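Asks: My questions concern the predicted model and sequence given below.
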Amino acid sequence: MDSDLQQVFGAPVSELHEAAACPDASPALGRALELRSFLALTEEQVARVRDRVHADMDPDRDMGDLSSDQLRFDAQWLEAALEARDSYRTALGELLRTMPPPAQQPRPVRTAQLRATANLPPSAAPAPARAGAARARRP
């Protein structure tokens, strides 16, 4: 589904991983890459079980080495891995279909720390006579 990710986010997956590390990355990008990593893991599991079954069923292999219990276990393991793979593919597909286009995705709002500055009104109490204030002349 890398091509779907690239189409939606407009960059190759390697660049998307770099973009996701930025503090202002969209939450949808992080979720999409997380689902992609889960999907990649389950695909590795599917491939391992498939390869093990193929090796067990190799025509050159001794038939006495076949174990129905082992094959049954591998079939259960494969079924579980395929179900997980399908679930992750569905979840990632739904996320990519339902998220807003990248240009419309909300970005975290950065606000500057505001400082309150105000001029205080002159004090209601008169200044002491010797406080350095010039005496007002009387008319």
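Replies: Okay, I see it.

Asks: Could you list the low-confidence segments of this protein?
Replies: By pLDDT under 70, the low-scoring segments of the chain are 100-139.

Asks: hmm, 80 instead?
Replies: Scanning the chain for pLDDT under 80 picks out the ranges 99-139.

Asks: nearest spatial neighbour of the residue most central in space within it, skipping sequence neighbours?
Replies: Nearest to the centroid of the C-alpha atoms of the chain, with distances taken as Cα atoms, centre = their mean, sits G30, at 1.3 Å. Distance criterion Cβ to Cβ, 6 or more residues apart in numbering; nearest residue to G30, sequence neighbours excluded, is A20 at 5.4 Å. The way it works is simple: take the backbone N, C-alpha and C, and place the C-beta from them, glycine included.

Asks: Can you name the residues that contact that neighbour?
Replies: Residues counted as contacts of A20 (Cβ atoms under 8 Å, 6 or more residues apart in numbering) are L29, G30, L33.

Asks: likewise A11?
Replies: Contacts of A11 were listed using Cβ under 8 Å, 6+ apart, and they are A19.
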